[in-house]
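Colleague: Here's my sequence, what's the structure:
(one chain, ligands or ions: 2)
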Amino acid sequence: MEKLISNRCNIVESVPESYIFPPERRPGKQVVPPCNTIPVIDFQGLHPMELQHQIMKASQDYGFFQLINHGVSLELMKDTLIVGKEVFELPEKDKEKFYSKGPKQNCGFKASVDYTNEKVHYWRDNFHHPCHPVEDHIHHWPSNPPRYREVFGRYSIEVRKLGLQILDLICEGLGLESGYFREGLSQNQLMIINHYPACPDPSLVLGLPKHGDPFLLTLLNQGEVSGLQVLKDQQWLSVEPLPNAFVVNINHMLQIISNGKLKSADHRVVASSVERTTVVSFIQPSIDSCIEPAKSLVNESSNPPLYKSFTFSDFMTTHTTALREGKDELEHYMIIPSQAS
Ligand code: OGA
Ligand code: NI
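Modeller: Ligands and ions are numbered 1, 2, ... in the order given. Reported below is the predicted structural model:
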């Protein structure tokens, strides 16, 4: 448990050696420009056809967009960040229960990304748990902070509703049969609270490495402190916080199902001189889901499949290794054209 950086940060006046990246991997001191071009989409203010069009375009061009006027109240957006932060401020005796994960509850703290295997640690702790259906999981969640279950219970349900509405629009936009994403492919939902403590020298560390999210769709409540960067045309751009917005991004499985039409963009997180807490909701396939380019989107002559068929559990195994080794997480599943014939 001493591995959690938030347990040490009060006494950290300089960055510990084991968190310092070699110069070529550090964010460094150069200023990363804000990405003003990531689309900002008004969820409730557009005609449904226009909304679908904007979501599809953003998902193809960037794989990222910010969603405003989305129907989740400002109060709930704020409360999740407040209560999420409180989790990291709990007394040790309350935190302890969540260090060793029982096989079933799967609810707990995690330091960095892959603390035991990675060479350099990331400036990030997380607290995570499954959250769908809420009633199956809520009794494993913390009873302290006192509002945790109530706030995260409501939030999980609202975010899921919004996530599924976005997926329905994408389903239509791709021309897939209605409800394509509604069952196995979106059966699970994971909540991750990321906590990036204030860092004495953000130029030396990373909050999260360059990665793409491995599931279907991400909805991020990033609060008011910046730190998220997206890679666009080989350049890092900062995704600046907008009041009350969700940052939504396409995940790897959606890139594959759309046969590469939608993009799962690489992103990373840098630390800051002030602490930052974010709440991330992932819509996930069930572990036994078969993932492949949707049959109706491919045909051997003019639009051959770019990816093999596999189960989601296979992917999760290779994904961890690829991330650790800094390899392309999708390479293993790509069909190289010369092999296909
Ligand atoms: C993630 C992620 C971004 C952030 O958890 O996969 O990219 O700003 N988080 O916390
Ligand atoms: Ni991510």
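Colleague: who in the protein is up against ligand 1?
Modeller: 192, 194, 208, 213, 220, 222, 227-228, 267, 269, 278, 280 (C-beta under 6 Å from any ligand atom). Heads up, the C-betas are built off the backbone N, CA and C, glycines and all.
Colleague: will you turn those into a markdown table that also has pLDDT and distance to residue 120?
Modeller: Compiled in a markdown table, the residues of the chain next to ligand 1 are given as follows (pLDDT from 0 to 100; distance: C-beta to C-beta, whole Å):
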| residue | pLDDT | distance to residue 120 |
| --- | --- | --- |
| 192 | 98 | 21 |
| 194 | 98 | 18 |
| 208 | 97 | 13 |
| 213 | 97 | 22 |
| 220 | 98 | 24 |
| 222 | 97 | 24 |
| 227 | 96 | 18 |
| 228 | 97 | 20 |
| 267 | 97 | 19 |
| 269 | 98 | 15 |
| 278 | 98 | 21 |
| 280 | 98 | 22 |
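Colleague: Could you list which of these belong to strands?
Modeller: 192, 194, 208, 220, 228, 267, 269, 278, 280 (DSSP state E).
Colleague: Any chance of the residues you listed in JSON lines with neighbour count as columns?
Modeller: Output for these, formatted as JSON lines (neighbours: other C-beta atoms under 10 Å):
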{"residue": "192", "neighbour count": "17"}
{"residue": "194", "neighbour count": "23"}
{"residue": "208", "neighbour count": "21"}
{"residue": "220", "neighbour count": "23"}
{"residue": "228", "neighbour count": "25"}
{"residue": "267", "neighbour count": "25"}
{"residue": "269", "neighbour count": "25"}
{"residue": "278", "neighbour count": "25"}
{"residue": "280", "neighbour count": "19"}
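Colleague: hey, where'd the strands end up in this structure?
Modeller: Under the criterion DSSP E, the chain contains strands at 40-42, 64-68, 108-111, 125-130, 188-196, 208-211, 217-221, 228-232, 235-238, 246-250, 267-269, 276-284, 290-291, 310-311.
Colleague: okay, and for the protein, where does confidence drop off?
Modeller: 1-2, 9-12, 100-105, 338-341 (pLDDT under 70).
Colleague: Among the strands of the chain, which comes closest to residue 50?
Modeller: strand 40-42 (9.5 Å; C-beta to C-beta).
Colleague: So which bits of the closest one are buried?
Modeller: Of all the residues in strand 40-42, those buried under the rule 16 or more other C-beta atoms under 10 Å are residue 41.
Colleague: before we move on, back to that, for the residues of the chain next to ligand 1, which one is nearest residue 77?
Modeller: Of these, the one sitting nearest to residue 77 (C-beta to C-beta) turns out to be residue 222, at 10.1 Å.
Colleague: from memory the closest one sits against residue 228, does it?
Modeller: Yes - the criterion here is C-beta atoms under 8 Å, and residue 222 meets it with residue 228 at 6.0 Å.
Colleague: Now for those two: what residues contact both?
Modeller: 239, 247, 278 (C-beta atoms under 8 Å, 6 or more residues apart in numbering).
Colleague: with those in mind, which one is nearest to ligand 1?
Modeller: residue 278 (3.6 Å; C-beta to the nearest ligand atom).
Colleague: Go ahead and confirm that closest one touches residue 226.
Modeller: No - counting by C-beta under 8 Å, residue 278 stays clear of residue 226, with 10.7 Å between them.
Colleague: Report the contact partners of residue 151.
Modeller: Residue 151 neighbours (C-beta under 8 Å, 6+ apart): 76, 79-80, 83.
Colleague: most surrounded residue in those?
Modeller: Highest neighbour count within those: residue 80, with 28 neighbours (other C-beta atoms under 10 Å).
Colleague: got a list of what it touches?
Modeller: When contacts are counted by C-beta under 8 Å, 6+ apart, residue 80 touches 151-152, 155, 221, 279.
Colleague: Can you tell me which of the residues you listed are buried?
Modeller: Buried subset of the contacts of residue 80 (neighbour count, 16+ other C-beta under 10 Å): 151-152, 155, 221, 279.
Colleague: Surely residue 218 and residue 252 touch.
Modeller: No - with contact defined as C-beta under 8 Å, residue 218 does not reach residue 252; the gap is 10.7 Å.
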